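Peer 1: Any chance you can model this:
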Amino acid sequence: MLNAQATHVWLIVLHGGLIAVWLASRYWCHVSAVSANGVRPAAPIWAYGFIVLVMTGTSFIVSRSANGVAKNWGEWLPSSGGSRRANSSALLGAGDGDWAVSGPNARGTGAVDSEYFLESELSSMYDVMTDAYGEPIPPDQLFRAIFVDEEQFLDRDGRKAPDFGEAGRQFSLYRETLQNRQQQASEDAKALLYVEGGGPLHLCTTIYDSFDGISWHEPPVIDHRCHLESRDPDHSWLWLTDRPALDCLNGCRLHTLRFGTLSTDRVPLPSYMERFRLGKAGGANAQQWAMETFAWVYDGVIRARHCLPSGAFFEVASQSIDESKLALAKPAILSRDTKGDNLEIPKHLEASAANLARQFEDMPAGWPQIQGLTAHLRQHYAHDRDASLPPTCDDPIHYLLHQARGGPDYQFATAAALALRSLGYPTRVVSGFYVDPKKYVAAAGYTPVTKDDAHFWVEVKSADGGWVKFDPTPGFELHRYRPTLLGSVLDSVGQVWAFAAARPVRSCFLLAVLVACWWRRWWIVERCLTVRCLLAPFRDDQARLAMTLRLLDLRSRLAGAARQPHVTPRDWYGRRHDAISDAFLTQLYAASYGNTTCATEDHKKTITHLCRKVVRRLSRRQLQRTSADE
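Peer 2: Numbering: from 1, shown residues only. Alright, predicted model coming up:
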């Protein structure tokens, strides 16, 4: 990594020059001293101090211009050799640091097609799907088994469904049953990926937008470069600038994805990724290198120019769906149409999709309908990864809902996607990996992702061109955005501001009312206490007398003659020499310090009438007049 920074070379040259000058001066001083008097002089301490000061100061200045002292000097330190405490920039130790095996100048894991990777037992995405869900049944055997006329697989315009070519770009719903899943799971000792960060997390690798009744097909590959932008001083984080921004997203989650035995050029990344970086090594050429290395397969999936080797890792920052925004938003946030892409339903499945969608037609359009469909599938059906469609089944939706009452995740995704298409929502099915928080290894600090974590879910198109994901399969959860206290306050302020901007007249009137209420707040409190003392019932006489005294103290304070804490009620209110006031004070002291367990109903009525008379007699104006007279 030293050759990645030109300042490192100047640093080494400067240090070497200073050392050479110091050695030469020391040699000639020694020679001249010995030849003059034969006495060897003592080493000059000031020379040592000067050299150390110059070298340290120069290192600090140069290191600050080269992205930090810790990074530059850390490159000379060996890694720890296996524990979690290691320096990311270590070189030539027991194991190279993270910065040395990723980034634009990676030393250990360059994206190359070597014999090691060609002959290794790494798993491709096709191998992962086959091992997780079984081999697809050949199409010729399937057509003979279910006796379906080929015309039933025509699209809405009567044209034959397009042929998308190789089997790697499609996923068949009809698959052979796996018999040795437990044995296979024990053989998968090494994970495909290792994910650091909180779960759950959905990592997208493939998108399917067309369904012919048997298989889901990928859209055409666009293969254009990613538009990346560097906004940090060290150019390490790269921001995606060519993706639509969804209004329903919020928050920021950080994860580190390290490749294990997965061999693919597609990068499994979160759906709503904002930015990423390959280690912490940046530099001015990192942006250009990343733009030449990564490209869009199609909207939502990124691939590298070569298969990413084991050990390569990404740090990604992504957002989460804020369901509160979806619930409060207008239905127009989700796109609804009767014509267009991602709406095709095979002719022989239109009835089953419509029957499932009919249960949610009466719900409010938009996110409530999607929530209703998701809750229905989760509550009434079971997830069974080992289940498979019989070769003679010609309606996978009807089989899932009415015969098997459950099935693998791709059947749930298919039923949900086609049902929403029947309601007019453009949908697509997404496959990838599910990072299960139950598999988190606390001692290691990561979550392993294996072949059994392959997963399918659904995305529905939004009005602004993005895609909103949801998971209809039981047992799989989406990460829900949970705002912090500060975030909740800011969201509330934003909602109030939006309400005020949309209704300026009513907002000004409401603001004036709030200001007036705040200005007269103690008068409002006094009125409320007066109503309570006159009309509200109390549990006993002592509570009624105490509330009356509290009202009198408040009135005295509003009148400008507040009773001080060291002054007793008898001394303060007894100055009036009023019969009603004296009777009230007598009952107050008797209730506070006497025995009230034998109070009769007549006595309670007497106390009630007495308190009401005191409230009416000792008004704020009367108390103010009494204070002025004294």
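
Peer 1: Every contact and neighbour count from this point should use C-alpha atoms.
Peer 2: Will do.

Peer 1: lowest-confidence helix or strand of the protein?
Peer 2: Across the helices and strands of the chain, the lowest-confidence element by mean pLDDT, DSSP states H and E is helix 115-119, at a mean of 40.

Peer 1: which strands and helices sit next to the following helix or strand past that helix?
Peer 2: For helix 115-119, the following helix or strand on the C-terminal side (DSSP states H and E) is helix 125-133. Secondary structure elements in contact with helix 125-133, counted by 3 or more CA pairs under 8 Å, 6 or more residues apart in numbering; DSSP states H and E, are strand 454-461.

Peer 1: Direction included, what does the strand it packs on pair up with?
Peer 2: The strands that strand 454-461 pairs with in its sheet are strand 427-435 (antiparallel), strand 467-470 (antiparallel) (by DSSP bridges).

Peer 1: Where does residue 206 sit: helix, strand or coil?
Peer 2: Using DSSP: H, G, I helix; E, B strand; the rest coil, the structure places residue 206 in strand.

Peer 1: So the closest residue to it other than its chain neighbours versus residue 456, what's the distance?
Peer 2: Leaving out its chain neighbours, the residue that sits closest to residue 206 by CA to CA, 6 or more residues apart in numbering is residue 431, at 5.2 Å. Note on residue 431: its distance to residue 456, by CA to CA, to the nearest Å, is 4 Å.

Peer 1: Neighbour count for these two, which is higher?
Peer 2: The residue with more neighbours, out of residue 431 and residue 456 and counting by other CA atoms under 10 Å, is residue 456; that gives 25 against 22.

Peer 1: The closest residue to residue 429 other than its chain neighbours - how many residues pack around it?
Peer 2: The shortest distance from residue 429 to any non-neighbouring residue, by CA to CA, 6+ apart, is to residue 458 (4.6 Å). Residues contacting residue 458 under the criterion other CA under 10 Å number 25.

Peer 1: Residue 314 now?
Peer 2: Residue 314, neighbours per other CA under 10 Å, totals 21.

Peer 1: before we move on, what SS does it have?
Peer 2: For residue 314, the assignment made with three-state DSSP gives strand.

Peer 1: mind checking which helix or strand the residue most central in space within the chain is in?
Peer 2: Ranked by distance to the mean C-alpha position of the chain (CA atoms, centre = their mean), the top residue is residue 320 at 4.0 Å. With secondary structure defined by DSSP H and E, residue 320 is part of strand 313-321.

Peer 1: Name the next helix or strand downstream of that strand, please.
Peer 2: The element immediately downstream of strand 313-321 (helix or strand, assigned by DSSP H and E) is helix 323-328.

Peer 1: Now do that following helix: which elements does it pack against?
Peer 2: With contacts defined as 3+ CA pairs under 8 Å, 6+ apart, helix 323-328 has these neighbours: helix 367-380.

Peer 1: Direction included, what does the following helix or strand past the helix it packs on pair up with?
Peer 2: Next along the chain after helix 367-380, taking DSSP H and E as the criterion, comes strand 382-383. With DSSP bridges as the test, strand 382-383 is paired with strand 406-407 (parallel).

Peer 1: so how far is the helix or strand that the strand it pairs with is followed by off the chain centroid?
Peer 2: The element immediately downstream of strand 406-407 (helix or strand, assigned by DSSP H and E) is helix 409-422. Centroid displacement of helix 409-422 relative to its chain, using CA atoms, centre = their mean, to the nearest Å, is 25 Å.

Peer 1: show me where pLDDT drops low in the stretch 151-300 of the chain?
Peer 2: Judged against pLDDT under 70, the low-scoring parts of the stretch 151-300 of the chain cover residues 151-168, 179-189, 234, 279-284.

Peer 1: Let me see the residues that make contact with stretch 493-501.
Peer 2: Contacting residues not belonging to stretch 493-501 are listed as 506-507 [CA atoms under 8 Å, 6 or more residues apart in numbering].

Peer 1: Could you do stretch 410-423 as well?
Peer 2: By CA under 8 Å, 6+ apart, the list of residues contacting stretch 410-423 from outside reads 173, 336, 342-345, 350, 353-354, 356-357, 361, 370, 373-374, 377, 396-397, 400, 426-429, 455-458, 471-473.

Peer 1: hmm, back to that, residue 216 is in contact with the residue nearest to residue 206, correct?
Peer 2: No: the criterion here is CA atoms under 8 Å, and residue 431 misses it with residue 216 at 10.7 Å.

Peer 1: longest single strand anywhere in the chain?
Peer 2: strand 249-259 (DSSP state E).

Peer 1: how deep is residue 380 tucked in, by neighbour count?
Peer 2: For residue 380, the number of neighbouring residues by other CA under 10 Å comes to 11.

Peer 1: That one and residue 472, how far apart?
Peer 2: If you go by CA to CA, the gap between residue 380 and residue 472 works out to 11 Å.

Peer 1: if I read this right, the residue nearest to residue 429 contacts residue 430, doesn't it?
Peer 2: Yes: taking CA under 8 Å as the definition, residue 458 is a contact partner of residue 430 at 5.8 Å.

Peer 1: okay, and the common contacts of these two?
Peer 2: Counting by CA under 8 Å, 6+ apart, no residue touches both residue 458 and residue 430.

Peer 1: Quick check: phi and psi on the closest residue to residue 305 other than its chain neighbours?
Peer 2: Counting by CA to CA, 6+ apart, residue 305 lies nearest to residue 293, which is 5.4 Å off, once chain neighbours are set aside. Listed backbone geometry of residue 293 is phi -90, psi -40, with angles given as degrees, to the nearest 10.

Peer 1: Pull the number of nearby residues for residue 293.
Peer 2: 16.

Peer 1: What of residue 600?
Peer 2: Residue 600: 10 surrounding residues under other CA under 10 Å.

Peer 1: again with the one 10 residues further on
Peer 2: Using other CA under 10 Å, residue 610 has 17 neighbouring residues.

Peer 1: Tell me the confidence at it?
Peer 2: Confidence at residue 610, expressed as pLDDT, is 87.

Peer 1: What of the one 3 residues further on?
Peer 2: Among the per-residue scores, residue 613 shows a pLDDT of 87.

Peer 1: which residue sits closest to it, ignoring its sequence neighbours?
Peer 2: Spatial nearest neighbour of residue 613, chain neighbours left out: residue 580 (7.5 Å); criterion: CA to CA, 6+ apart.

Peer 1: residues touching residue 220, list them.
Peer 2: Counted by CA under 8 Å, 6+ apart, residue 220 has contacts residue 298.

Peer 1: Am I right that it is in a strand?
Peer 2: No: checked against three-state DSSP, residue 220 lies outside a strand; its state is coil.

Peer 1: before we move on, back to that, so what pairs up with the residue nearest to residue 429 in the strands?
Peer 2: Following DSSP bridges, residue 458 is listed with bridge partners residue 429, residue 470.

Peer 1: How much space separates it from residue 135?
Peer 2: When CA to CA is applied, the distance between residue 458 and residue 135 equals 23 Å.

Peer 1: picking up where we left off before, so which elements touch the strand holding residue 320?
Peer 2: Using 3+ CA pairs under 8 Å, 6+ apart, strand 313-321 is in contact with strand 249-259, strand 273-277.

Peer 1: Now tell me what touches it from outside.
Peer 2: Among residues not part of strand 313-321, those counted as contacts by CA under 8 Å, 6+ apart are 102, 248-259, 269-279, 468, 479-481.
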